[in-house]
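> Mind folding the following:
(4 chains)
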Protein chains: 4
Amino acid sequence: MMIVMKEGATGEQIDAVVKRVESVGCSAHLSRGELLTVIGAIGDRDRVAGLGLEGAPGVDHLVPILKPYKLASAQFRKGERTVIEVDGRKLGGEHFGLIAGPCTVESREQTLEVARCVADNGATMLRGGAYKPRTSPYSFQGLGVEGLRLLQEAKEETDLPIVTEVMDARDIEDVVEVADVIQVGARNMQNYPLLSEIGRAGLPVLLKRGLAATLDELLMAAEYVLKEGNSDVMLCERGIRTFETAYRFTLDLMAVPVLKELTHLPVVIDPSHAAGRRDWVQPMSLAAAAAGADGIIVEVHNEPDEAICDGPQAIATERFAEYAEQLQRVVEVAGKETSTV
Amino acid sequence: MMIVMKEGATGEQIDAVVKRVESVGCSAHLSRGELLTVIGAIGDRDRVAGLGLEGAPGVDHLVPILKPYKLASAQFRKGERTVIEVDGRKLGGEHFGLIAGPCTVESREQTLEVARCVADNGATMLRGGAYKPRTSPYSFQGLGVEGLRLLQEAKEETDLPIVTEVMDARDIEDVVEVADVIQVGARNMQNYPLLSEIGRAGLPVLLKRGLAATLDELLMAAEYVLKEGNSDVMLCERGIRTFETAYRFTLDLMAVPVLKELTHLPVVIDPSHAAGRRDWVQPMSLAAAAAGADGIIVEVHNEPDEAICDGPQAIATERFAEYAEQLQRVVEVAGKETSTV
Amino acid sequence: MMIVMKEGATGEQIDAVVKRVESVGCSAHLSRGELLTVIGAIGDRDRVAGLGLEGAPGVDHLVPILKPYKLASAQFRKGERTVIEVDGRKLGGEHFGLIAGPCTVESREQTLEVARCVADNGATMLRGGAYKPRTSPYSFQGLGVEGLRLLQEAKEETDLPIVTEVMDARDIEDVVEVADVIQVGARNMQNYPLLSEIGRAGLPVLLKRGLAATLDELLMAAEYVLKEGNSDVMLCERGIRTFETAYRFTLDLMAVPVLKELTHLPVVIDPSHAAGRRDWVQPMSLAAAAAGADGIIVEVHNEPDEAICDGPQAIATERFAEYAEQLQRVVEVAGKETSTV
Amino acid sequence: MMIVMKEGATGEQIDAVVKRVESVGCSAHLSRGELLTVIGAIGDRDRVAGLGLEGAPGVDHLVPILKPYKLASAQFRKGERTVIEVDGRKLGGEHFGLIAGPCTVESREQTLEVARCVADNGATMLRGGAYKPRTSPYSFQGLGVEGLRLLQEAKEETDLPIVTEVMDARDIEDVVEVADVIQVGARNMQNYPLLSEIGRAGLPVLLKRGLAATLDELLMAAEYVLKEGNSDVMLCERGIRTFETAYRFTLDLMAVPVLKELTHLPVVIDPSHAAGRRDWVQPMSLAAAAAGADGIIVEVHNEPDEAICDGPQAIATERFAEYAEQLQRVVEVAGKETSTV
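So this is what the prediction gives:
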């Protein structure tokens, strides 16, 4: 941590800061410029942060130098990339994962039809929501346990691993019986009790970035899972909130190369929620693959016009083959291979 | 809902939309301009929204006309304002609430000292966190049940009602034994299972706006509480995330007059988290009161330099009297009265 | 324009709005719902907007239906795409333009060396700044007329058309003697006198999106150029300002498919300014091409470590061949062809 | 400037950075932590920034320590505040300025009527636009020189100093004959040639913050004016662009206390453009005064329903007395005095 003193900070103020830094077992290193002094606090970042020096006399501001996350940092694995393996499918490193399926599990017919379609066209895993976070309490909230049962049936028929969301720690027990990957939605990215419990559940996690979360905060959320001994976390960018209103969310593809530098964890892109319209999902999927993403999680529906939730952004099953093929071409240019069994 | 058709939409496409609107029991009303046609769908907003018409052939975009919240809307109470009463203290309407106390309950001495100070200087309620959502899993996470016990002691000594946060539905049972108002933090504003359970707990709720939540989304989150039969919700603006980095969050005081028009619920401002520095907390508190807020929730500490959490933004107990007095002068200009017993 | 009345608006208030709409030669069309009334104002959008009905008694809010731009709209050219041709090079439709060169013209050697490199590796045009908008008045402001002379020399040697920025209407005369495309920087996107004068200068224009400009505002800025009779405008997305601080600007690639739907004008992406670091420029360039962009404008330098301005984001000349080749592969997947002579 | 090296940066990489820092006459100061090394570059900030070290081998990122502005910094005037005096009126320090008038000069009657009203009710200066930046080229662009003539007439009648906007450097000559304060609009905050010329014009300047400009960038824009020898710059916050769509812009009142710490220049708030609706202008005006602003610039109209531009946000002349009186009460609590002659 660098502590930048104000211009005109007195020697006493500087000494006081040095003493407080040393009081938590860190060492202080002074750098005196012409106009002001910077104090480098060397040692445990969290201890220095805990001193609350931002408000101390003579202090202008603090600049963190070390990253706040440890287990998630690229340095932690010395440059090696995490590859997540589920039932023989891989995601991360050179392995690209195409995770596809309906937004919400609505019915047996819909679930199976979509599952068969994506399985036939090279999907790596099947996505589908049984518990749905909805902005309105008056909207359909998901089929719950019955939805999980339908996902189980789809898995048995297609052999595709299942990715599904948990919103409430009390549902984890039910979900782990069916799911192969637990999804944490954007609204729950900083639901810390949930993250910790999911970390203990032992399954790989797909963690969506909150719509105003910085990349550092996303990595800190991953750290909550990792610190429970679960090292299989996929980070998922799904659009951030900005001033632009011409589409739903701004898909932040710059997150892909930046996260690849900061962390060893794989990065997955969800183009469906950001676009909100199926016409825009394909170009953004290709862009994500070209940017170097390790995977895509995309919504597919057999009858998008009749979908209970988010139909306008779902790719129709009859167009999925063409979509997957086009995506495959860009995945190859990016030097990856889509993982299937 | 207005459905704006694309320029050049065909008669068949228009007819198809009309049929789908009518299929959910709504009526469709055509408005043909020189360039394009707008279809007004009259009836239940949620049913029309559920049709997913955004992706239908010939449709350009949808414009919602009715607000998505019902119980929270100003119309629901026909212009009357909700006044929340706790142990004789009132907040809302002409009653201004000064909610003050430590960010986190750290120790018996700290809690009691701060509680006495704010009680002596006209506070309406005491705030203090026993469960703390922290960005880092390595930071202090609160004293938990022991913290609740200390709040209980402070309440017994000062008679101040207690405002404290719940992060996990499984803690509600413990919290309701002590708390008079349950706080939902910004990170949990869209934790729907938590909102519903808190709605059923029967205590007034202080609901903080998520840092990228629109005012409509804040009101929808309140709706999750209200629909459980709990009509005592205070909305709390605590800073939104913007591009500016000169301070922690952008305090959105425009939310005060706008929310007063949209809803009957009282609006409280938290100036501490947005500012991040105690020098800036006082001007923003005065500004909030001048804008017409129904209350302030502010952090106070007996030894801010030693605080475990957010010390730099806490007002020192020795300066609180002056702070409260200055605030009082603006509250009066705004035509309100600070509520004490 | 749809005028949404408040719940409880009186018949008199509705009549008053109707009269004002009719007073500017438009017709009003009422749509009465259960809770409220919507008035469709049919006719010239600008006239209705000019009435300022937002503040009128009983009015809740206005919803514009027609787009504010006319010449820039996709409808104006009935779905045909604008292809801009400069000295035999084309950009737009199926023609992809690779515009490359130094951020700033610094010296004869630098300019010529970079120009030769990009010409040899398939660039469509040469970019280079003689007038530089700098955040600090103490930074290097560009070589001015001397810079233009060097660009002229580079053009004579390589035959590449020149793209260069104008910041001051009084420099247009000098610039048009050398430039083939005039660039308007993000900071000047809403400098209307400049846009109008550049519109009259007769050269194609590359118009950068302001860092907080909506896509509609970008199109309105283009409209200022188009209305002067100049139909050759390339729209350039160069990163928008958001809360994220892990990189310089958030590159909004969603703008590509959305603009393609809204307008006939070609869309160019500048990945250099958003990334701020050359490692991230290549993945974002590939992503832009995959998303369907009509061109890339990228910074290249012969000695990036010595560059006066923005060196860290410049691609080194010795790596440009590889960059261009990789880009070419994605351009092909996207169904376009890079235009050279 | 602090240069943070990557973990694992080699001794050679560190030496190379040190050499480059020293090559521009600065000294380098090493601070070696357990995990990484930070190099403090002591000396001229701009020279070090000019090295472009962000891309150098082994460098992780740069942290600027010194503020980029000099003449605008609070230190430059050693804590003394700039008070701007115009015809005996003062703004800054303890002097509060109420600048009021029409958005746009529309007619003789309108201009004089509004001018008399605000003069009679304690306004410090008269605002009014003769040249109007408009998003649409099809909107009314202002009366130009004729508008200036009307402002002159209003000034002669009321003795109020005139604040009016310049968009084009070529209009400065005409404007200075009438204006007492030159306004630079938000869209032109980074129009550097314009800022420099206005700096040379010799009149006080009211500089509006761009809608995505950081406070540092606002101060850098002021620096362009100050460096021309003109020290009378008022900084004006008028709303920033965020994700919220419930109102026009987010009025950033936190800018008031923060700017007061960073600079000696006075801070003025424009509540009209952010609110967009007159009901919300009064609470935000009071909030601005309570936050410690040095002035308000507010729109007033004699017939707001007939205004050519921004009528919905204008306060009606018949309500201005009440508005000014209420504002006055908060100005007093804030310890200031409204300046009139």
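> where exactly do the helices run in the stretch 101-250 of chain A?
A:108-120, A:145-158, A:172-176, A:192-201, A:215-226 (DSSP state H, counting those that start in this stretch).
> which one of these is the most hemmed in?
helix A:215-226 (a mean of 24; mean count of other C-beta atoms under 10 Å in any protein chain shown). Just so you know, the C-beta spots here come from the backbone N, C-alpha and C atoms, and that holds for glycine as well.
> That helix near chain D anywhere?
No - using C-beta under 8 Å from any C-beta of the partner chain, helix A:215-226 stays clear of chain D, coming no nearer than 12.7 Å.
> gap between residue A:178 and residue A:150?
9 Å (C-beta to C-beta, to the nearest Å).
> Around chain B, pick out the residues from the stretch 101-250 of chain A.
Counting by C-beta under 8 Å from any C-beta, the stretch 101-250 of chain A sits next to chain B at A:133-140, A:167-170, A:187-188, A:190-193, A:196, A:210-212, A:217, A:220, A:223-224, A:227, A:241.
> check the residues you listed against chain C, which are close?
residue A:212.
> are any of the residues of the stretch 101-250 of chain A next to chain B buried, and which?
Buried members of those, scored by 16 or more other C-beta atoms under 10 Å in any protein chain shown, are A:133-139, A:167-169, A:187-188, A:190-193, A:196, A:210-212, A:217, A:220, A:223-224, A:227, A:241.
> got a list of what the closest residue to chain C within the stretch 51-200 of chain A touches?
Closest to chain C within the stretch 51-200 of chain A is residue A:67: 10.9 Å, counting by C-beta to the nearest C-beta. For residue A:67, the contact set (C-beta atoms under 8 Å, 6 or more residues apart in numbering or on different chains) comprises A:73, A:216, A:219, A:262.
> Now that the second one has come up, it's in contact with residue B:136, right?
No - using C-beta atoms under 8 Å, residue A:216 makes no contact with residue B:136, being 10.2 Å away.
> Find residues that contact each of these two.
In contact with both residue A:216 and residue B:136: residue A:68, using C-beta under 8 Å, 6+ apart.
> ok, is the top helix by length along chain A in contact with chain B or not?
Counting residues, the longest helix found in chain A (DSSP state H) is helix A:317-333. No - counting by C-beta under 8 Å from any C-beta, chain B has no neighbours in helix A:317-333; the shortest distance is 12.3 Å.
> buried residues in that helix?
Neighbour-count burial for helix A:317-333, with 16+ other C-beta under 10 Å as criterion, is recorded at A:317, A:320, A:323-324, A:326-331, A:333.
> Flag the shaky bits of chain A, pLDDT-wise.
By pLDDT under 70, chain A has no low-scoring segment.
> ok, now with 80
By pLDDT under 80, the weakly predicted segments of chain A are A:34, A:55, A:305-311, A:341.
> got the residues of it near chain D?
A:2, A:4, A:7-8, A:29, A:31-36, A:38, A:40, A:42-43, A:63, A:65-66, A:75, A:212, A:241-243, A:245.
> partners of the following helix or strand past the longest helix of chain A in the sheet?
Per DSSP states H and E, helix A:317-333 leads on to strand A:337-338 as the next helix or strand towards the C-terminus. In the sheet, strand A:337-338 lines up against strand A:95-101 (parallel) (DSSP bridges).
> Near chain C, which residues of chain A are found?
Near chain C, when you scan chain A using C-beta under 8 Å from any C-beta, you find A:212, A:214-216, A:240, A:242-247, A:250-258, A:261-262, A:274-275, A:279-280, A:283-284, A:286-292, A:326, A:329-330, A:333-334.
> again, only this time at 7 Å
Taking C-beta under 7 Å from any C-beta of the partner chain as the measure of proximity, chain A contacts chain C at A:212, A:214-215, A:240, A:242-247, A:250-254, A:256-258, A:274-275, A:279-280, A:283-284, A:286-287, A:289-292, A:329-330, A:333.
> re the thing from before, of the contacts of residue A:67, just say which sits nearest to residue D:100.
Set against residue D:100, the nearest of the contacts of residue A:67 by C-beta to C-beta is residue A:216 (44.7 Å).
> residues contacting the residue nearest to that closest one when sequence neighbours are not counted?
Spatial nearest neighbour of residue A:216, excluding adjacent residues (C-beta to C-beta, 6 or more residues apart in numbering or on different chains): residue A:68 at 6.6 Å. By C-beta atoms under 7 Å, 6 or more residues apart in numbering or on different chains, the contact list for residue A:68 reads A:45, A:216, A:220, B:136.
> In the stretch 101-250 of chain A, what residue comes closest to chain B?
For the stretch 101-250 of chain A, C-beta to the nearest C-beta, closest residue to chain B: residue A:212, 3.1 Å.
> what sits against that residue?
A:240-241, B:211-212, B:241, C:243.
> same question, residue A:228
Counting by C-beta under 7 Å, 6+ apart, residue A:228 has contacts A:196, A:199-200.
> Would you mind measuring from it to chain C?
26 Å (C-beta to the nearest C-beta, to the nearest Å).
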